[in-house]
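*Asks:* what shape does this take:
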Amino acid sequence: MIEPYPELALERFDKAGLWIRYVIVKIKKFLKDDILEVGAGFGSFTKCYMKNFQSITLTDMDENSFSLLKKNFKDIKKVNVIKSSIANVNKKFNTILYFNVLEHVKEDILEIKSALEKLNNGGYLVILVPAHQKMYSKLDKAVGHFKRYDIDFFKKNQFENSKIVKLQFLDVFGYALYHLNKIFFKNETYPSNFKILVWDKVFTPFTIIIDYLTRYKFGKNILCVYQKTN
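*Replies:* Numbering: from 1, shown residues only. Presented below is the predicted three-dimensional model:
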């Protein structure tokens, strides 16, 4: 079961271009041609990495997101848009991406296992999720998050024929801003366009530096990369 992501939230997050580019830089060595991006939404991340690859498949089970993907990539031949769960995809890939998707999946462990089965040997499964279950809020509920993730989830869930090659936190400043927002704007459901702009353009540059200096030991998001071993 996958919970849908409201279009309003997708539209606003689509403007966080610097944050999106930061994430792509962090995973660029794991991006290999023949990519599957699960739950691609607006294609916000896709647009940032697509120029370097010749075979990209996007999938989203939400009808509205699927229609938006078809519209946004209709003239780009190297991008194939399908409406399918990972279990029903009928080919294998070198990289599979879950950008802020796994938290929408109730059977998340089963989802990871299914994704690993769709990887070629040596391929990578890249997962970005919101961190710290104790921070679960009205926003998480509104956008269909079943939960936020503690890093022990990934440390404990080691899957057959795979290994974790990267596991770290991202966005130290985002963690602080998240708490401040809950204090001063407790009745707000979705952050405004202005807040997204400030977080992305003002705080993300500092986050990039502080994340590096603190060796990615804390932050608002968790990045995990599995490699298929055989």
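
*Asks:* and the pLDDT at the most centrally placed residue in the chain?
*Replies:* Nearest to the mean C-alpha position of the chain, counting by C-alpha atoms, centre = their mean, stands residue 99 at 1.3 Å. For residue 99, the model assigns a pLDDT of 96.

*Asks:* same thing with residue 185?
*Replies:* So residue 185 comes in at 57 (pLDDT).

*Asks:* look up how far residue 195 lies from the residue nearest to the centre of the chain.
*Replies:* From residue 99 over to residue 195 the distance is 20 Å, taken as C-beta to C-beta, to the nearest Å. Quick note: C-beta positions are derived from backbone N, CA and C, even for glycine.

*Asks:* picking that back up, quick one, phi/psi of the residue nearest to the centre of the chain?
*Replies:* phi -100, psi 110 (degrees, to the nearest 10).

*Asks:* I figured it hits residue 23, correct?
*Replies:* Yes - using C-beta atoms under 8 Å, residue 99 is in contact with residue 23, at 7.2 Å.

*Asks:* need the overlap of contacts for the two.
*Replies:* Taking C-beta atoms under 8 Å, 6 or more residues apart in numbering as the criterion, residue 99 and residue 23 both touch 45, 128.

*Asks:* in the longest strand along the chain, what's buried?
*Replies:* In the chain, ranked by residue count with DSSP state E as the criterion, the top strand is strand 119-130. Residues of strand 119-130 classed as buried by neighbour count (16 or more other C-beta atoms under 10 Å): 119, 123-130.

*Asks:* give me the sheet partners of it and which way each runs.
*Replies:* strand 93-99 (parallel), strand 221-228 (antiparallel) (DSSP bridges).

*Asks:* residue 73 is nearest to which of the ones you listed?
*Replies:* Comparing the strands paired with strand 119-130 against residue 73 with C-beta to C-beta, the closest turns out to be strand 93-99 (15.1 Å).

*Asks:* tell me the helix or strand right after the longest strand of the chain.
*Replies:* helix 138-142 (DSSP states H and E).

*Asks:* packing partners of that following helix?
*Replies:* Identification of packing neighbours for helix 138-142 by 3 or more C-beta pairs under 8 Å, 6 or more residues apart in numbering; DSSP states H and E yields no helix or strand.

*Asks:* pLDDT weak spots in the chain?
*Replies:* Residue ranges of the chain with pLDDT under 70: 1-14, 180-191.

*Asks:* all helices for it, in order.
*Replies:* Here the chain has its helices, by DSSP state H, at 7-13, 17-27, 46-49, 63-72, 108-117, 138-142, 152-156, 172-184, 193-198, 204-213.

*Asks:* from the middle of its chain, how far away would the second one be?
*Replies:* What that stands for is helix 17-27. 11 Å (C-alpha atoms, centre = their mean, to the nearest Å).

*Asks:* report the buried residues of it.
*Replies:* Counting neighbours by 16+ other C-beta under 10 Å, helix 17-27 gives 18-24, 26-27 as buried.
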